[in-house]
Each structure stands twice: as structure tokens, then as C-alpha cells.
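Undergrad: just the structure for this:
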Amino acid sequence: MNITIFGASGAIGQLLTQLALDHGDFVTAYVRNPHKISLKHPNLSFVQGELSNATTIEQAVAKSDVVISTLGPASDMSRKLKGTPIADGHELMIRAMKKHHVRCHP
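TA: Residues are numbered from 1 along each chain as shown. Predicted coordinates:
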């Protein structure tokens, strides 16, 4: 199975990525900084981008069977985020999924 994981560099994202790889799945990790992930695996690829970049989000989603978001607010609350970047990013993910016919399941 081809799985795209958004937020793969976070604590939960890294655990989920490792579980998917251990299961034999192919994982595309969508991250701002791929150097935050120490995992190395032949079935792991990276797409580096921001949540506001529709083009890179589409690239990450294009060949996926499943898209998973582990995005959430940073535990470091010193970062001053403006607007709603996670919600806006989810909107772009959903658009890309629809464009590439990746089904949503409740």
C-alpha cells in the first residue's frame, strides 16, 4: 500500500511511519524538514514542503492509496502562528485527494 503521512517528522508521525514501514507499506513522508527524521528505509521517500504549497501537496498525494495527517499544534507554544495553517493545509490535502481520486473514508 502507498501511504502519504503529513506531519511525519513529529512524534506520532514518526511512530506511524515506522509501523507502516514494518508492515511492508511504501511511505511518502510530507515534512518541512526531512532531517528531523532519522529513519532510513528503501520504502520511505520524502516530499519537502509547507502546508501552504498546493503543488508539493499534490505531488505527495498523487500516487497514494491512503493519506494520513498527524498534524496538530506544536508542543512548543512559543511559536506565534498566524491564521489557521493546519486547517488550510488540510483543505489543500483534501483538494489534492479529490483531484487524484484518493478516496476519503469516515
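
Undergrad: the helix or strand of the chain with the lowest mean pLDDT - contacts with which helices or strands?
TA: The weakest-scoring helix or strand in the chain, judged by mean pLDDT, DSSP states H and E, is helix 85-99 (a mean of 90). Under the contact criterion of 3 or more CB pairs under 8 Å, 6 or more residues apart in numbering; DSSP states H and E, helix 85-99 touches helix 54-61, strand 66-69. All C-beta atoms are positioned from the backbone trio N, CA, C, and that covers glycine.

Undergrad: minimum distance to His90: which of the ones you listed has it?
TA: His90 lies closest, by CB to CB, to one member of those: strand 66-69, at 6.4 Å.

Undergrad: ok, that closest one: who's next to it in the sheet?
TA: Next to strand 66-69 in the sheet, as set by DSSP bridges, lie strand 2-6 (parallel).

Undergrad: and the strand it pairs with, what's its mean pLDDT?
TA: Averaged over strand 2-6, pLDDT sits at 96.
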